[in-house]
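> Only the shape, not the letters, is given here:
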């Protein structure tokens, strides 16, 4: 019996939480190279390098390894969840993908995705409660291609009044939806 537990411990220790996650880094870099940046007044707030949730520091001063991808990733936090299932999948199964994409390797899984990435990383919302409340408005808009840009163009986006963004930041994030669809489809 001791051998079983020792083998199980070795197996668990050897599991890479990011295994199986494939990100097309070359395509992301190509999009970043041709990206039309927003003027400085429309830039997202900086990443909260000492962001806390529930009184625990969750992102240390080391920041993110892939902060350059924020403009391609953060527009997704203006698209409401389609339904309760979409919310459950986003808040649980998408954590490892988001963590790898943004290079937040110093952050453990298990935190609210919308709160951590929507508030601490992207600065779209002031806190996790506001993020979940805004994104839980449930909107069934979905397309197989260009989902984010098409839904936003049709008015299926979280209203700016429910975010912590300035009008310029909000407009820039909506503009970036096209880049986000190309770089991170169905994120």
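Received it, and whenever you're ready, just let me know what you need. Bear in mind that the values here come from a model prediction, so they are computed numbers and not experimental data.
> Low-confidence ranges, the chain, go.
1-20, 54-62, 108-110, 186-187 (pLDDT under 70).
> can you rerun that using 90?
Within the chain, the ranges that satisfy pLDDT under 90 run 1-28, 31-32, 34-40, 46-67, 71-72, 88-116, 120, 127-128, 144-145, 178-187.
> would you list every one of the strands in it?
Secondary structure of the chain, counting by DSSP state E: strands at 52-53, 56-57.
> which residues in this protein form helices?
For the chain, helices defined by DSSP state H occupy the ranges 2-14, 25-34, 70-73, 84-92, 95-102, 113-115, 128-135, 147-153, 167-175, 177-183.
> could those helices be laid out in TSV, adding distance to residue 64 and mean neighbour count?
Quick note: C-beta positions are derived from backbone N, CA and C, even for glycine. Formatted as TSV, those follow (distance: least, Cβ to Cβ, whole Å; neighbours: other Cβ atoms under 10 Å):
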stretch	distance to residue 64	mean neighbour count
helix 2-14	26	9
helix 25-34	14	13
helix 70-73	8	23
helix 84-92	19	14
helix 95-102	5	20
helix 113-115	15	24
helix 128-135	18	20
helix 147-153	21	20
helix 167-175	17	18
helix 177-183	16	22
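> which one of these lies closest to residue 63?
With respect to residue 63, and counting by Cβ to Cβ, the nearest of the helices of the chain is helix 95-102 at 10.0 Å.
> Kindly state which of the helices of the chain is positioned closest to residue 48.
helix 113-115 (11.4 Å).
> Centre-most residue in the protein?
With distances taken as Cα atoms, centre = their mean, the residue of the chain nearest its centroid is residue 117 (4.9 Å).
> rewinding a little: mind putting the helices of the chain into JSON lines with distance to residue 47?
Output for the helices of the chain, formatted as JSON lines (distance: least, Cβ to Cβ, whole Å):
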{"stretch": "helix 2-14", "distance to residue 47": "30"}
{"stretch": "helix 25-34", "distance to residue 47": "17"}
{"stretch": "helix 70-73", "distance to residue 47": "8"}
{"stretch": "helix 84-92", "distance to residue 47": "20"}
{"stretch": "helix 95-102", "distance to residue 47": "9"}
{"stretch": "helix 113-115", "distance to residue 47": "14"}
{"stretch": "helix 128-135", "distance to residue 47": "15"}
{"stretch": "helix 147-153", "distance to residue 47": "21"}
{"stretch": "helix 167-175", "distance to residue 47": "14"}
{"stretch": "helix 177-183", "distance to residue 47": "17"}
